[in-house]
Every structure is written in structure tokens, then in C-alpha cells.
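Visitor: task: produce atomic coordinates for the following.
(chains A, B, C and D)
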Number of protein chains: 2
Amino acid sequence: MRVDSILSSISRYAYLSPSEIELFISVLEKKTVRKKDFLIRTGEICRHDYFVNEGCLKICYANDKGIECVTKFAIEDWWAIEIESFLNMTPSFFYYQAVEDTELLSISKTNHYLLIDRIPAYQKFTMERWQHGFIALQNRFIQSNSFTAEEKYDRFKQKYPGLDQRISLRLTASYLGITPEFLSVLRKRQVSALS
Amino acid sequence: MRVDSILSSISRYAYLSPSEIELFISVLEKKTVRKKDFLIRTGEICRHDYFVNEGCLKICYANDKGIECVTKFAIEDWWAIEIESFLNMTPSFFYYQAVEDTELLSISKTNHYLLIDRIPAYQKFTMERWQHGFIALQNRFIQSNSFTAEEKYDRFKQKYPGLDQRISLRLTASYLGITPEFLSVLRKRQVSALS
DNA sequence: CGCGACGTTGATTTGCCTCAACGATTGTGG
DNA sequence: CCACAATCGTTGAGGCAAATCAACGTCGCG
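Guide: Numbers count the residues shown, from 1 in each chain, chains lettered A, B, ... in the order given. Below is the predicted model:
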């Protein structure tokens, strides 16, 4: 089981002693999700905290017209959890689906609370992550309101380096809140602007 | 000092014993902000948790073109706090300005942690509020993406009953992310649709 | 009183969508 | 393994929602 990525992700925000690291690793479970399979379906309850070792998930909902709307992606080194569902045991509004074959590490809710109980720094780390999620959402809201499609596209490429080449144009367009046709036009524009 | 509103706001999510209520009331401070004055300016650090007894605040930021963007309002019975700034002592990106003369109750950061320490239910209440803030932001993001201006306007009137009549058209338009001119057209349309 | 902010209205423009068609790529079942 | 279907990205014509710009009457306030 690959644990180097997840450990360095934690170490960016909190220090864990060797024995704490040992405990932490002992609760990790490996999980793989094949392309197009679901990690969490709409209506399911999220009972795990996930970390992406490899691959890519999309986090989406279906709007009133039944259209899939991509709210975010989780690629290598990203954490993925449906906070509201995880905390309150409520059905998830969003679904989590693999865009590529994806390898995850998962921590069950029981073990999550065990870690928080036994590792003080882990509680702090968890709080930081949730705050960070809140701020990221705030930024996305602001950007989605005050930027043009082209500006949003540029931000997207900064935020998820290389992802634009890995996934379909339609997925990127959905994330940006524009039509695939229009993203196609944008790309053409940017290419010809280089000359 | 009026404490009935704030007590009933808390009692909706947590039960406090009479002695806990007494402690809670003892840390409350009254604060008034005159129309157009600031509760928090951009760049300041938020050191208090606020509850609106009467009046109205707008929570805004200035976009890259210097235009004021209203992200939300806080009217009677709403709590107002700049969470990120409060928790991390970082400068606030948003500013909080009174739209009407506003009467607030405030809880200093020190007292906030004292309450959390002494009143277990208060911690739970605080967590609930932050979660609720997160979910509200999520909803606003979704709505701002998949609804037309007219639908957003209807939601706004549901969310803040009566506020539409109290504040200027320009403020409502900014909250909705549309121009005042276009909101004016929308209103006219809705009036004539009644006949 | 006079000034500035406000709400309204109309003409024009623009950013993005819708729909339709096409070739290229991918996936699938026989 | 091939043939067919489905999905994908591209392009263009036309349309619509909302922005921009400009002008005007009204109101509150110093």
C-alpha cells in the first residue's frame, strides 16, 4: 500500500510522531474504483474519508433538467469527503464517480474518530481541511460570478495542472458552467492567439 | 439589552440550562452601527461573533474592477461572523457594512471560547452553525450557476422576506449578480404578469 | 435650493446557448 | 476481429439573456 503521498499531505499541516504515524497507517484501507464506477452515489451516506493516490474522480450533481453538473475534481494528492453526509449521516446530494481508474486510501468514520481521539494533531489537521474546503468553495463562488468563461478556464488550468489534457472537453466545460461547443471555440481562440 | 431573539435562535439547535443561559447573557455586549458605517472593513481582523437584533448588514467584496459585490445580507435574527478571519486571525477579504441603523449583540473571541469551554451544548451549536454556513454557500453556488436571473430573484425574496422592499434596487441587483437596469426590467415584467 | 444618487426606459451590443451537421475516435456485440 | 453504434470534438447559423451606454424624471439630503 502506497502511503508516502498521504503522509506528506498531512505533514504539510501537522506533525505526527513515529508512533502516531504507525497508528495512522494501520487504519488505512486501500480501495480501487474503475473508470465510470461510483465511489458515492446520490442518496448514499458517506461513511469514509478518502485520499486519492492515483487517478481522478468527478464530484457532480444532476440539476433540475437532469443535466450533470461537475462541481469539482479530486486528483492525485487530493482528499475527498462529502462532509455534510459524513457528519450528519444524511443522503448525499452529490455523486462521486471515477473519470479514470482510481486508487484511493480510505478511513472509516469509526477510525476517523479514533484518530482524532488518539492524535491531537489529527484533529487540528481535520479542522484545517474543512476550513480550507470552505474557503475553496468561497473562491469558486466569487470566480464563477465575476469572471468570464475564458478567465474561469485559465483558473481551472492553474488549479488542476495537466487535468485539461487528461479528461474530456465536455467534463471541463461542465465544470466551467459552459457548453462543450463554446469551450471548443475558446480553445481555438487561445491557440490562434499564440501566433 | 434585548436577549430574547438570540436565546430563541440558540434554543432552536441546543438546550441551555438556566445557569448556562445566565452565563451566556453575562458575556453579551450590545453594539450599534449606524447606516453606512462599517462593522468590519476589508483587511481588518474579525474578533467577535455577532447576532443581529435589528437592522441590516451587507457583506461584500470589491472585485478586480473595483465594483462592489454583495455576497449576502444579515438581517434580524441572523448571525454574522467572518469565520476564516475569526479563526485564523487573518485579514478579512469581505467587509460588513450597515444598510440600516443596526443593533447587534457581540461576543468576543475570548468569551466565545469561554462559552464553548463551559457549555458543551454551545460547542455543538457553533459547529452546527458553521456547517449550516457551508451548506448555505453550497446552495448559493448551485443556484447561481443553474438558475436564470428571474429564478434567483424569486429565491432571494423567499430567503430574505420583505428585504426587497427595505433596501435599494441596486443592492438587490448586486446580490443577484445582475445590473440594476436589468432588475428594473424584471420587476416590471413580474408586475405586468400579474394581470 | 441644487446636487448627487436613484429607478426607469430604450437602443445597441455581446457573451454564450441552441440546434444541426460532420468527421474522427472509441467502444461493443456478434 | 470486424462492423456498427455511440460518443466525442469541431464548426457554423441563428437566437436569447443580460450587459452597456445614454438619457431622463424623481427624490432625499446637505
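Visitor: now A:Lys30. Nearest residue, chain neighbours left out?
Guide: Leaving aside its sequence neighbours, A:Lys30 sits nearest to A:Met1 (Cβ to Cβ, 6 or more residues apart in numbering or on different chains; 5.1 Å). No exception for glycine: its C-beta is placed from N, CA and C like everyone else's.
Visitor: I'd like to know how far that neighbour sits from A:Lys31.
Guide: Per Cβ to Cβ, to the nearest Å, A:Met1 is found 11 Å from A:Lys31.
Visitor: mind checking which of these two has more residues around it?
Guide: Neighbour tally, A:Met1 and A:Lys31, criterion other Cβ atoms under 10 Å in any protein chain shown: the higher count belongs to A:Lys31, 14 against 10.
Visitor: chain center to the strand or helix carrying the more buried one, what's the gap?
Guide: In this assignment (DSSP states H and E), A:Lys31 forms part of strand A:29-33. Taking Cα atoms, centre = their mean, to the nearest Å, the mean C-alpha location of strand A:29-33 is offset from the chain mean by 15 Å.
Visitor: do stretch A:166-184 as well
Guide: Stretch A:166-184 sits 18 Å away from the centroid of its parent chain (Cα atoms, centre = their mean).
Visitor: only alpha carbons, please: show it as CSV.
Guide: Extracted in CSV, the C-alpha atoms of stretch A:166-184 (Å, rounded to 0.1, in the frame of the first residue of the first chain):
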residue,chain,number,x,y,z
ARG,A,166,-6.5,14.1,-19.3
ILE,A,167,-10.2,14.5,-19.3
SER,A,168,-12.8,15.1,-22.0
LEU,A,169,-13.7,18.5,-23.1
ARG,A,170,-17.2,18.0,-22.0
LEU,A,171,-16.2,17.5,-18.4
THR,A,172,-14.1,20.6,-18.4
ALA,A,173,-17.0,22.5,-19.9
SER,A,174,-19.4,21.3,-17.3
TYR,A,175,-17.0,22.3,-14.5
LEU,A,176,-16.8,25.8,-16.0
GLY,A,177,-20.5,26.0,-16.4
ILE,A,178,-20.4,26.5,-20.2
THR,A,179,-21.4,24.3,-23.2
PRO,A,180,-18.8,22.0,-24.8
GLU,A,181,-19.3,23.8,-28.1
PHE,A,182,-18.3,27.1,-26.5
LEU,A,183,-15.3,25.7,-24.8
SER,A,184,-14.2,24.4,-28.2
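Visitor: can you list the strands that the strand holding A:Lys31 pairs with?
Guide: strand A:102-108 (antiparallel) (DSSP bridges).
Visitor: angle of the very next helix or strand once past the partner strand against strand A:102-108?
Guide: The element immediately downstream of strand A:102-108 (helix or strand, assigned by DSSP H and E) is helix A:109-118. The directions of helix A:109-118 and strand A:102-108 differ by 60 degrees, with axes from the mean of the first three to the mean of the last three Cα atoms, to 10 degrees as the criterion.
Visitor: buried set for helix A:109-118?
Guide: Within helix A:109-118, the residues that count as buried by 16 or more other Cβ atoms under 10 Å in any protein chain shown are A:111-112, A:115-116.
Visitor: check which helices and strands it is in contact with.
Guide: If you count contacts as 3 or more Cβ pairs under 8 Å, 6 or more residues apart in numbering or on different chains; DSSP states H and E, helix A:109-118 packs onto helix A:18-27, strand A:48-54, helix A:120-146.
Visitor: run through who's touching it.
Guide: A:20, A:23-24, A:27, A:47-49, A:86, A:107, A:122-123, A:126 (Cβ atoms under 8 Å, 6 or more residues apart in numbering or on different chains).
Visitor: done for today, thanks.
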